[in-house]
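A.B. asks: Mind looking at a prediction? Sequence and model below.
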Amino acid sequence: MINYLPHLKPVRKIRYIIFLKDVLILALTTFGGPQVHLAMMLDWFVEKRGYLTEEELMELNALCQILPGPTSTQTVTALGFKIGGPNLAYLTLLIWCLPAVAIMTAFGMMVGYLQEEHQSLRFARFIQPMAVGFLIVAGYRIARKVIKTQSGLVLGILAALTAYAFRSPYVTPVVILAGGLTTALTYEKQTVMEKKPIRIEWANFFLWLGVLVGAAVLGAVTQLLPVRLFENFYRNGSLVFGGGQVLTPMLYNEFVAFKHYLTREEFLSGLGMAQAIPGPVFAFASYVGALSMRSDGAYGQLIGSAVSTAGIFLPGTFLIFFVYRFWNQLKRYRAVRASLDGINAASTGLTAAAALALFEPMASNWPMVATVLGTILVLELTKLPPFLLIMGGLVIGVLL
């Protein structure tokens, strides 16, 4: 800490250390995704510590929801930025992500080892349909919140059909942008707000764009797998609106259906495990990256996890640093607010398409179908924590 923040007074350093300790506590104890993360942040950061007011936290979270990237991670990183600037924000990002990333990397290496030794993944056979159940419930809950009109419903259905029919990673950003542009044209329905001149500091935008273009060029020239993995995840992290449930179809299309780096069973096993760990769901990328480089041994898997983790988390970080400075002015434009409805509807459709594609091979297997339906019912009708459900599935799979 002292090396990163040498110019700060001792009292301020102590405050920052306490904040980072609070972030670590949340990273180790928050299960259940962005909704649970937000509730814990309200309790810990607002009520107990008073780092900011409830209104400030809710507005910050709303801003992060409309930017590409992991909402919870961007929120906690932006809070670090608000409290102590860029250095504290990057330390916050590292501490928030590290526990989940370590767990998912280790799980990926274990799955890779079992596959190399021709060991069965049947111990996770109940986790795979559970993951589909989690995805269906997440998509349904998001849809109830964001689809409020017939046009939104139509956009969601069209997005789902398009993504299901054309299973390419390049379809995802097209669908999202088309949804946003469609509803942006209806900006007249939005409330007029007094506008102020927007003063934009472009440094972080050019940093985001430079890394995006540079990684694409470097990957195409060198064809090195670590570079291409970083580019793949950085591109996905730059385009994923709506959180982990939208990231799932993007990664499935790219790494399972398109590039075949993972099997469907491996993907679902990791997706299920991502629901059972604390911290950001985007740590699922660490698992995918580790398995994508299994042919290079343990060292290669660690490299794959590292570049994939950096790729998925950095775009959202750069963009929140960029937008946070002028958000109060930007949100006053009606077209900006109107586009959010289309982006959210399209993201919901992408989730539905992913759930359908993952469920399709299970449709003829009644135990799998029963597990999917049972998971949905448990999640909707009880308050059982998701990680307990996953752990129970793993125990049953091992015993049987």
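C.D. replies: Ah, there it is. Numbers count the residues shown, from 1 in each chain.
A.B. asks: Can you list the buried residues in stretch 286-297?
C.D. replies: Buried residues in stretch 286-297, counted by 16 or more other CB atoms under 10 Å: 286-294. For every residue, glycine as well, the C-beta is placed using N, CA and C.
A.B. asks: oh sorry, the question was meant for stretch 380-388
C.D. replies: Taking 16+ other CB under 10 Å as the criterion, stretch 380-388 shows residue 386 as buried.
A.B. asks: end to end, how far does that stretch reach?
C.D. replies: 15 Å (CA to CA, to the nearest Å).
A.B. asks: picking that back up, among the buried residues of stretch 286-297, which lie within helices?
C.D. replies: 286-292 (DSSP state H).
A.B. asks: For the residues you listed, give me a markdown table that also has distance to residue 332 and pLDDT.
C.D. replies: A markdown table is the format used below for those (distance: CB to CB, whole Å; pLDDT from 0 to 100):
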| residue | distance to residue 332 | pLDDT |
| --- | --- | --- |
| 286 | 38 | 95 |
| 287 | 41 | 95 |
| 288 | 39 | 95 |
| 289 | 39 | 95 |
| 290 | 44 | 95 |
| 291 | 45 | 94 |
| 292 | 43 | 93 |
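A.B. asks: Relative to residue 186, which of the residues you listed is nearest.
C.D. replies: residue 288 (36.9 Å; CB to CB).
A.B. asks: right, and the closest one touches residue 108 too?
C.D. replies: Yes - using CB atoms under 8 Å, residue 288 is in contact with residue 108, at 7.5 Å.
A.B. asks: Now do the shared contacts for these two.
C.D. replies: Counting by CB atoms under 8 Å, 6 or more residues apart in numbering, the contacts common to residue 288 and residue 108 are residue 270.
A.B. asks: what's the single longest helix in this structure?
C.D. replies: If you go by DSSP H, the chain has its longest helix at helix 71-116.
A.B. asks: Now do the buried residues in the next helix or strand after that helix.
C.D. replies: Heading C-terminal from helix 71-116, the first helix or strand you meet, by DSSP states H and E, is helix 127-146. Residues 127-143, 146 are the ones in helix 127-146 that count as buried (16+ other CB under 10 Å).
A.B. asks: okay if I get the buried residues of stretch 286-297 as TSV plus distance to residue 180?
C.D. replies: What follows is those, written out as TSV (distance: CB to CB, whole Å):
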residue	distance to residue 180
286	29
287	30
288	26
289	28
290	33
291	32
292	30
293	34
294	37
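A.B. asks: Closest one of those residues to residue 214?
C.D. replies: Distance ranking of these against residue 214, using CB to CB, places residue 289 first at 19.1 Å.
A.B. asks: Is it correct that that closest one is in contact with residue 310?
C.D. replies: No - assessed by CB under 8 Å, residue 289 is found out of contact with residue 310, at 9.5 Å.
A.B. asks: can you list residues touching both of those two?
C.D. replies: Counting by CB under 8 Å, 6+ apart, the contacts common to residue 289 and residue 310 are residue 233.
A.B. asks: Low-confidence ranges, the stretch 101-250 of the chain, go.
C.D. replies: Applying pLDDT under 70 to the stretch 101-250 of the chain picks out residues 117-124, 142, 167-170, 192-195, 241-246.
A.B. asks: Just the C-alphas of the host helix or strand of residue 237, formatted as PDB.
C.D. replies: Element membership of residue 237 [criterion: DSSP H and E] is helix 225-239. Extracted C-alpha coordinates of helix 225-239, given in PDB (Å, rounded to 0.1, in the frame of the first residue of the first chain):
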ATOM      1  CA  LEU A 225      -3.000 -18.000 -27.900                       C
ATOM      2  CA  PRO A 226      -2.500 -15.900 -24.800                       C
ATOM      3  CA  VAL A 227      -2.700 -12.700 -26.800                       C
ATOM      4  CA  ARG A 228      -5.800 -14.000 -28.700                       C
ATOM      5  CA  LEU A 229      -7.400 -15.000 -25.400                       C
ATOM      6  CA  PHE A 230      -6.800 -11.600 -24.000                       C
ATOM      7  CA  GLU A 231      -8.300 -10.000 -27.100                       C
ATOM      8  CA  ASN A 232     -11.300 -12.300 -27.000                       C
ATOM      9  CA  PHE A 233     -12.100 -11.600 -23.400                       C
ATOM     10  CA  TYR A 234     -11.400  -7.900 -23.700                       C
ATOM     11  CA  ARG A 235     -13.800  -7.600 -26.700                       C
ATOM     12  CA  ASN A 236     -16.400  -9.500 -24.800                       C
ATOM     13  CA  GLY A 237     -15.900  -7.400 -21.700                       C
ATOM     14  CA  SER A 238     -16.300  -4.300 -23.800                       C
ATOM     15  CA  LEU A 239     -19.700  -5.500 -25.200                       C
END
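A.B. asks: What helices and strands are in contact with that helix?
C.D. replies: helix 171-184, helix 203-222, helix 244-251, helix 284-292, helix 297-324 (3 or more CB pairs under 8 Å, 6 or more residues apart in numbering; DSSP states H and E).
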